[in-house]
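Student: got a structure for you, letters missing:
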């Protein structure tokens with residue numbers, strides 16, 4: 001079969017077509033790792049590039065993420081042990097306590113997953129204890145904090161301080177993002193990185209991990 005059709009389906013956000021083509025690829029005994037690394041991840045990287053260049057927008061990014069997840073849901077059970085798909089690292093993401101916005105967080109989660117990370121999404125209104133528990137439980141290497149309200153931004157610093165109290169601060173990379181957040185604020189609260197878009201968040205994360 002022509003796997004480029006799967007790449008195009010994910011890129012176009014056609015989740016039903018993506019699932020059908022994935023089933024076909026599985027039936028033809030094509031390696032799940034090859035499908036993920038060479039077609040799904042590459043499609044998400046391309047939609048990310050288009051988004052950065054203002055040639056694609058939030059709906060397209062969300063639809064591509066949905067298509068990629070549909071395909072991934074069929075492939076993941078076939079992966080044995082620690083596959084390369086999850087070997088880049090694990091990221092725990094969430095919108096901080098007091099904030100119920102999740103579109104930006106969901107975009108970031110889809111992009112990280114599409115680019116080969118294991119994503120643990122804690123949802124919205126997440127307190128410091130939940131972030132710490134998830135990092136311990138999943139042995140995460142990165143924590144992504146999101147806030148859309150200026151009133152919830154200070155809680156990002158509270159979370160970073162909580163990681164220090166737990167003796168975990170040096171063991172994780174903490175990244176922050178959200179409409180009111182900027183580079184200066186990230187430095188001020190002691191975060192490791194800041195990003196203003198889903199695609200640049202993945203690039204920054206890999207750079208911070210030394211995996212760029």
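Tutor: All right, it came through fine. Owing to the predicted nature of the structure, the values given are computational and were not obtained by experimental measurement.
Student: by contact count, what packs against the longest helix along the chain?
Tutor: The helix that spans the most residues within the chain, counting by DSSP state H, is helix 58-75. Counting contacts by 3 or more Cβ pairs under 8 Å, 6 or more residues apart in numbering; DSSP states H and E, helix 58-75 is packed against helix 4-11, helix 15-27, helix 32-35, helix 41-52, helix 103-114. All C-beta atoms are positioned from the backbone trio N, CA, C, and that covers glycine.
Student: what's the closest of those helices to residue 209?
Tutor: Between residue 209 and the helices and strands packed on helix 58-75, the tightest spacing by Cβ to Cβ is seen for helix 103-114, at 11.9 Å.
Student: who touches the helix or strand just after that closest one?
Tutor: Next helix or strand after helix 103-114 toward the C-terminus (DSSP states H and E): strand 118-121. For strand 118-121, the external contacting residues (Cβ atoms under 8 Å, 6 or more residues apart in numbering) are 85-86, 89-94, 105-106, 109, 112-113, 134, 138, 140.
Student: let me know the average pLDDT across strand 118-121.
Tutor: For strand 118-121, mean pLDDT is 94.
Student: list the contacts of the following helix or strand past that strand.
Tutor: Next in sequence after strand 118-121, counting helices and strands by DSSP H and E, comes helix 128-138. Under the contact criterion Cβ under 8 Å, 6+ apart, helix 128-138 has outside partners 90, 92, 94, 97, 118, 120, 122, 140, 143, 145, 155, 158-159, 162-163, 166, 168, 171-172.
Student: likewise stretch 32-42?
Tutor: With Cβ under 8 Å, 6+ apart as the test, stretch 32-42 has contacts from 3-4, 6-7, 10, 22, 25-26, 68, 71-72, 75-76, 78-79, 83-85, 114-116.
Student: enumerate the positions of that stretch that are buried.
Tutor: Residues 32, 35-36, 38-42 are the ones in stretch 32-42 that count as buried (16 or more other Cβ atoms under 10 Å).
Student: with stretch 99-109 instead?
Tutor: Quick answer for stretch 99-109 (16+ other Cβ under 10 Å): 99, 101-102, 104-109.
Student: just stretch 106-124 next, same as before
Tutor: 106-122, 124.
Student: check stretch 167-178 too.
Tutor: For stretch 167-178, the neighbour count (16+ other Cβ under 10 Å) marks 168, 172-178 as buried.
Student: helix or strand, whichever it is, which one in the chain has the lowest mean pLDDT?
Tutor: helix 84-87 (a mean of 50; mean pLDDT, DSSP states H and E).
Student: and the gap between the residue nearest to residue 209 when sequence neighbours are not counted and residue 3?
Tutor: Sequence neighbours aside, residue 89 is the residue nearest to residue 209 in space, at 6.1 Å (criterion: Cβ to Cβ, 6 or more residues apart in numbering). Here the criterion is Cβ to Cβ, to the nearest Å. By it, residue 89 lies 26 Å from residue 3.
Student: again, but for residue 208
Tutor: Counting by Cβ to Cβ, the gap from residue 208 to residue 3 is 32 Å.
Student: so residue 181 touches residue 194, yeah?
Tutor: Yes. Between residue 181 and residue 194 a contact is recorded at 6.4 Å, counting by Cβ atoms under 8 Å.
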